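K.L.:
Turn this into a model:
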Amino acid sequence: MVILLVSTIISCKKESELGPGGFVPNDLAGKWLHGNFAMANFWGYDGSYQGNPFEQSVAFDFKASGHFEMYYIGVANDYGCRTEALSHYKGKVDFNEAAKTFTITPTEGTFRGFYSCASNRNFNRKASSDDLKPQTFSYEFTDDGKWLMINGSSFKTTSW
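P.N.:
Below you'll find the model as predicted:
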């Protein structure tokens, strides 16, 4: 749900404006989601629900055109104070099926930080050239084919 909201807030560019794409195998094209959360709930002293103490999610959208979008969301609740971090990248992706790796080459990105108890520290900025470095990931499917493992973390196919 948070990813859907984020994807509607972030301005969209046409894939053609991101430059030439790379290679995405047919079975990897689409949206993939990894997320976790604490199994405990966090309640305030007044009995109000404060959320999970920690949540984290990473999502990839691999497009058949050879482009990608990647989202990272992290949220922490600490006695009524909420901290949120969002990173979003888009650019070119190239899969190497023989090596079971893929490389993302971001061409743009956004970073956002929100601090409910320290709003003077909130920020929303575009990625700098130092932030837009290529990154290579390993991948494989589980034996049953239900999960995509990226750098050892499990991702499931999804839609938003």
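K.L.:
Please report the number of neighbouring residues for residue 68.
P.N.:
Neighbour count for residue 68, taken as other Cβ atoms under 10 Å: 23. In short, each C-beta sits where N, CA and C put it, glycine included.
K.L.:
residues of the helix or strand harbouring it that come out buried?
P.N.:
Take DSSP states H and E as the rule and residue 68 turns out to sit in strand 67-78. Neighbour-count burial for strand 67-78, counted by 16 or more other Cβ atoms under 10 Å, picks out 67-71, 73, 75-77.
K.L.:
Now for the closest residue in space to residue 32 that isn't next to it in sequence, how many residues are close by?
P.N.:
Nearest non-adjacent residue to residue 32, counting by Cβ to Cβ, 6 or more residues apart in numbering: residue 155, 4.1 Å away. Counted by other Cβ under 10 Å, the residues lying close to residue 155 total 18.
K.L.:
okay, residue 155: pLDDT?
P.N.:
Model confidence at residue 155, expressed as pLDDT, equals 96.
K.L.:
In this model residue 142 seems to touch it, though I could be wrong.
P.N.:
No: counting by Cβ atoms under 8 Å, residue 142 is not a contact partner of residue 155; they are 10.4 Å apart.
K.L.:
all strands of this protein, in order?
P.N.:
For the chain, the strands defined by DSSP state E cover 30-37, 42-43, 49-51, 54-62, 67-78, 81-96, 101-115, 123-126, 135-141, 148-150, 153-158.
K.L.:
before we move on, the earlier item: what is the strand holding residue 68 packed up against?
P.N.:
Here strand 67-78 touches helix 2-9, strand 49-51, strand 54-62, strand 81-96, strand 101-115, going by 3 or more Cβ pairs under 8 Å, 6 or more residues apart in numbering; DSSP states H and E.
K.L.:
average model confidence for it?
P.N.:
For strand 67-78, the mean per-residue pLDDT is 92.
K.L.:
hmm, back to that, in CSV: the helices and strands packed on strand 67-78, plus mean pLDDT and distance to residue 19.
P.N.:
Formatted as CSV, the helices and strands packed on strand 67-78 follow (pLDDT from 0 to 100; distance: least, Cβ to Cβ, whole Å):
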stretch, mean pLDDT, distance to residue 19
helix 2-9, 40, 21
strand 49-51, 71, 39
strand 54-62, 92, 16
strand 81-96, 95, 6
strand 101-115, 97, 6
